[in-house]
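Peer 1: here's my sequence, what's the structure:
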Amino acid sequence: MWNDGPMHHVTDDERRARLAVRHALAPRSRVDSPEAVTRAMTALHATEPATVYLSCRARMTSPTLADIDRALYEDRHLVKQLAMRRTLFVFERELLPAVWPSASARVAGTERARMSGDLVRAGIARDGVGWLEEARAEVLALLAEVPEGLTAADVRRAVPRIDVKVAGTAGETWSAPRVLTYLGATADIVRGLSTGRFLAPRPRWTLTRHWLDDVPAPRSAQAGYRELVRRWLYSFGPGTEDDIVWWLGATKKVVRAALGELEAVAVRLDDGATGWLLPDDLAEVPDPGAWVALLPVLDPTVMGWRGRDFYLGPHRDQLFDRRGNAGTTVWVNGRAIGSWVQDTAGTVRVDLLEPVPVSTRRAVEEEAERLTAWLDGVRVGTGYVSPSMRRGSEAGQGLSSMILDRGSWSGGTPP
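Peer 2: Residues are numbered from 1 along each chain as shown. The predicted structure follows:
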């Protein structure tokens with residue numbers, strides 16, 4: 001980490017311009033494939049299946065569901081992987097060797113410690129780690145015989161050991177799916193083809209080597225973290241050390257080591273904080289021009305930083321739920337200024353939190369019409385509802401459709 005001369009200043013306006021260009025949100029910056037979208041964002045949030053599709057749709061020049069399905073399930077250029085902050089993401093397969101030994105391994109270690117302790121406390125095993133290793137061996141042996149993979153229910157029936165209910169320390173109860181999630185974090189297995197409906201997928205779990213037969217060997221943890229921080233700095237920089245620590249789900253020690261190895265440059269932000277950029281990325285980005293976007297819940301742009309004032313302003317409490325999860329957002333020129341919901345007919349309705357010029361309102365409404373047409377009557381359910389989304393629903397009808405109609409989009413392709 002270094003600086004040569006006075007600290008470079010990056011204004012909030014420039015940060016918002018970078019966001020527009022790097023995140024492929026401004027019209028001139030949009031890309032032509034789901035792979036390019038994922039590369040632009042470093043990773044896509046996949047906690048809710050629809051988010052992957054809607055995040056791609058907002059950034060592609062000609063988005064189709066078939067293209068996204070192809071990238072995920074046919075070409076397998078994009079892969080779902082549990083990683084940072086125990087969150088499910090979609091990564092480009094080329095990035096997995098960096099993710100597995102770093103962010104995913106950290107999650108796996110935490111899960112192993114928690115689950116093994118739960119098993120001992122529940123009286124199921126004297127040696128919780130030993131129980132998990134035996135369960136792992138049985139699951140992997142089963143999946144080795146079934147290259148096309150099995151659903152969680154199939155695995156549970158075939159491996160009685162994991163067909164248990166274990167009381168966790170946080171008051172939750174976990175069973176077979178938690179074991180499979182753990183093995184996904186260790187990179188032993190991966191979510192393959194879905195046998196369920198779009199909004200309620202039931203993936204076939206398969207051995208990673210069956211699903212991905214040409215991925216390079218994992219890097220070291222240090223090299224993996226360094227690559228993730230490098231990608232983040234290009235996609236989201238400048239950002240503070242706290243931003244990177246939060247996004248990466250790692251420690252300050254890990255982040256500082258990566259910043260040092262990358263020779264990251266300290267820059268001054270408008271609020272006086274110190275941000276970081278890659279040493280060859282100090283030039284201003286081109287003017288993105290005026291733009292609007294409608295982004296889904298937990299979109300990677302909304303969830304990219306811990307310090308969000310430069311794009312949220314006074315609207316944080318209206319656009320995030322009480323657990324800190326982002327609902328849908330309406331963006332205008334690099335700022336989130338509202339939310340969107342669907343009514344019972346599937347029409348997208350927006351709720352703006354501040355006055356805007358007539359031309360801007362018209363642009364937002366036209367984007368809502370395009371999203372309505374793209375969804376083609378499909379109502380996308382969510383468990384992440386912000387106060388703005390509640391207010392934006394028409395007498396509760398739009399909101400109820402978003403919550404109660406989960407699974408109405410079937411098979412990854414709407415009618």
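
Peer 1: and the helix or strand encompassing residue 119, what does it pack against?
Peer 2: If you go by DSSP states H and E, residue 119 is part of helix 105-121. The contact analysis (3 or more C-beta pairs under 8 Å, 6 or more residues apart in numbering; DSSP states H and E) places helix 105-121 against helix 128-144, strand 166-167, helix 176-185. Backbone N, C-alpha and C define where each C-beta goes, glycine included.

Peer 1: most tightly packed of these?
Peer 2: For the helices and strands packed on helix 105-121, average neighbour numbers computed from mean count of other C-beta atoms under 10 Å are highest in helix 176-185, which has a mean of 22.

Peer 1: for the following helix or strand past that helix, packing partners?
Peer 2: Scanning forward in sequence from helix 176-185 by DSSP H and E, the next helix or strand is strand 189-194. For strand 189-194, the packing partners by 3+ C-beta pairs under 8 Å, 6+ apart come out as strand 78-83, helix 128-144, helix 176-185, strand 203-207, helix 208-211.

Peer 1: between the ones you listed, which one is nearest to residue 317?
Peer 2: In terms of C-beta to C-beta, the element of the helices and strands packed on strand 189-194 nearest to residue 317 is strand 78-83, at 28.1 Å.

Peer 1: direction included, what does the closest one pair against?
Peer 2: Sheet pairing of strand 78-83 (DSSP bridges) gives strand 87-92 (antiparallel).

Peer 1: the partner strand to strand 189-194, inter-axis angle?
Peer 2: Orientation of strand 87-92 against strand 189-194 (axes from the mean of the first three to the mean of the last three C-alpha atoms, to 10 degrees) gives an angle of 80 degrees.

Peer 1: contacts for strand 87-92, please.
Peer 2: 35, 38-39, 43-47, 52, 72, 77-83, 99, 249 (C-beta atoms under 8 Å, 6 or more residues apart in numbering).

Peer 1: buried subset of these?
Peer 2: Buried members of the contacts of strand 87-92, scored by 16 or more other C-beta atoms under 10 Å, are 35, 38-39, 43-46, 52, 72, 77-83, 99, 249.

Peer 1: the helices and strands packed on helix 105-121: which one's closest to residue 11?
Peer 2: Comparing the helices and strands packed on helix 105-121 by their distance to residue 11 (C-beta to C-beta), the top pick is helix 176-185, with 39.1 Å.

Peer 1: just the CA trace of the closest one, in PDB.
Peer 2: Presented in PDB, the C-alpha positions along helix 176-185 are these (Å, rounded to 0.1, in the frame of the first residue of the first chain):
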ATOM      1  CA  ALA A 176     -29.600 -33.200   5.900                       C
ATOM      2  CA  PRO A 177     -29.700 -30.000   3.800                       C
ATOM      3  CA  ARG A 178     -27.200 -28.300   6.200                       C
ATOM      4  CA  VAL A 179     -24.800 -31.200   5.700                       C
ATOM      5  CA  LEU A 180     -25.000 -30.800   2.000                       C
ATOM      6  CA  THR A 181     -24.600 -27.000   2.300                       C
ATOM      7  CA  TYR A 182     -21.400 -27.700   4.400                       C
ATOM      8  CA  LEU A 183     -20.100 -30.000   1.700                       C
ATOM      9  CA  GLY A 184     -20.800 -27.400  -0.900                       C
ATOM     10  CA  ALA A 185     -18.700 -24.900   1.100                       C
END
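
Peer 1: for the residue lying closest to residue 222 once chain neighbours are set aside, give its distance to residue 251.
Peer 2: Counting by C-beta to C-beta, 6 or more residues apart in numbering, residue 257 is the residue found nearest to residue 222 once chain neighbours are left out, at 6.9 Å. Between residue 257 and residue 251 the computed distance is 10 Å (C-beta to C-beta, to the nearest Å).

Peer 1: neighbour count: the two, which is higher?
Peer 2: Between residue 257 and residue 251, counted using other C-beta atoms under 10 Å, residue 257 has the larger neighbour count: 16 against 12.

Peer 1: make sure that one is indeed in a helix.
Peer 2: Yes: applying DSSP: H, G, I helix; E, B strand; the rest coil, one finds residue 257 inside a helix.

Peer 1: so who does it touch?
Peer 2: With C-beta under 8 Å, 6+ apart, residue 257 has these contacts: 222, 225, 226.

Peer 1: show residues contacting the helix or strand where the second one lies.
Peer 2: Think residue 225. Using DSSP H and E, the element containing residue 225 is helix 221-236. Helix 221-236 is contacted from outside by 22-23, 40-42, 95, 97-103, 105, 218-219, 239, 243-244, 247-248, 250, 254-255, 257-259, 261-262, 264, 276-278, 281, 304-305, using C-beta under 8 Å, 6+ apart.

Peer 1: change it to 7 Å
Peer 2: With contacts defined as C-beta atoms under 7 Å, 6 or more residues apart in numbering, helix 221-236 is touched by 22, 40-42, 98-99, 101-103, 105, 244, 247-248, 250, 254-255, 257-259, 261-262, 264, 276-278, 281, 304-305.

Peer 1: could you do stretch 208-215 as well?
Peer 2: Identification of contacts with stretch 208-215 by C-beta under 7 Å, 6+ apart yields 76, 79, 93, 96, 97, 147, 187, 188, 189, 190, 192.

Peer 1: and with 6 Å instead?
Peer 2: With contact meaning C-beta atoms under 6 Å, 6 or more residues apart in numbering, stretch 208-215 is reached by 93, 96, 147, 187, 190, 192.

Peer 1: the fifth one: how many residues sit nearby?
Peer 2: Residue neighbour count, defined by other C-beta under 10 Å, stands at 24 for residue 190.

Peer 1: quick check: pLDDT value at residue 301.
Peer 2: As predicted, residue 301 sits at a pLDDT of 98.

Peer 1: quick check: it is in a helix.
Peer 2: No: Residue 301 is assigned coil when assessed by three-state DSSP, not a helix.

Peer 1: let me see the contact set for it.
Peer 2: Going by C-beta under 6 Å, 6+ apart, residue 301 touches residue 23.

Peer 1: can you pull the phi/psi pair for it?
Peer 2: Dihedral angles of residue 301 (phi, psi; degrees, to the nearest 10) stand at phi -70, psi -50.
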